[in-house]
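Engineer: let's see this in three dimensions:
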Amino acid sequence: EVQLVESGGGLVQAGGSLRLSCVASGFTFDDYAKGWFRQAPGKEREGVSSISHSDGSTHYADSVKGRFTISSDDAKNTVYLQMNNLKPEDTAIYYCAVGEVATMVWYEYDYWGQGTQVTVSS
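Structural biologist: Next up is the predicted model:
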């Protein structure tokens with residue numbers, strides 16, 4: 001059974017940091033690209049960051065560049081999202097996902113976690 005389990009969300013003040021983790025099981029982790037997405041109330045799901053399984057290249061949404069860092073530890077079947085200098089507009093449910101290609105398009109991903117809430121207070 002394929003499983004992706006996120007953790008690390010919470011409530012933080014603006015300017016603070018959080019590190020999200022996503023532990024995978026039930027498939028060959030390093031055969032897949034990984035992505036982080038988020039969805040705020042009343043808004044569409046948006047791509048935050050992705051990392052390629054072939055060359056390790058990364059992509060970021062313009063809104064998080066310079067503040068967020070994605071990384072993957074294939075030995076631990078875990079993908080991380082380090083989030084620094086958080087802003088209230090970062091408040092959302094954050095999801096990890098895996099797919100064949102490291103894109104920022106949610107419907108191109110095959111498997112999803114259940115999400116973790118991130119709330120940034122001003």
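Engineer: identify the residue nearest the geometric centre of the protein.
Structural biologist: A centroid search over the chain (Cα atoms, centre = their mean) returns residue 36, at 2.4 Å, as the residue closest to the centre.
Engineer: so what's that residue bridging to?
Structural biologist: Beta-bridge pairing for residue 36 (DSSP bridges): residue 49, residue 96.
Engineer: repeat for residue 72
Structural biologist: Under the criterion used (DSSP bridges), residue 72 bridges to residue 79.
Engineer: distance of it relative to residue 109?
Structural biologist: 15 Å (Cβ to Cβ, to the nearest Å). To be clear about C-beta, it is placed using only N, CA and C from the backbone, and glycine gets the same treatment.
Engineer: rewinding a little: distance of the residue nearest to the centre of the chain relative to residue 122?
Structural biologist: For residue 36, the distance to residue 122 - Cβ to Cβ - is 23 Å.
Engineer: swap in residue 62?
Structural biologist: 21 Å.
Engineer: go on, residue 64?
Structural biologist: 18 Å.
Engineer: more neighbours: these two, which one.
Structural biologist: residue 64 (23 against 9; other Cβ atoms under 10 Å).
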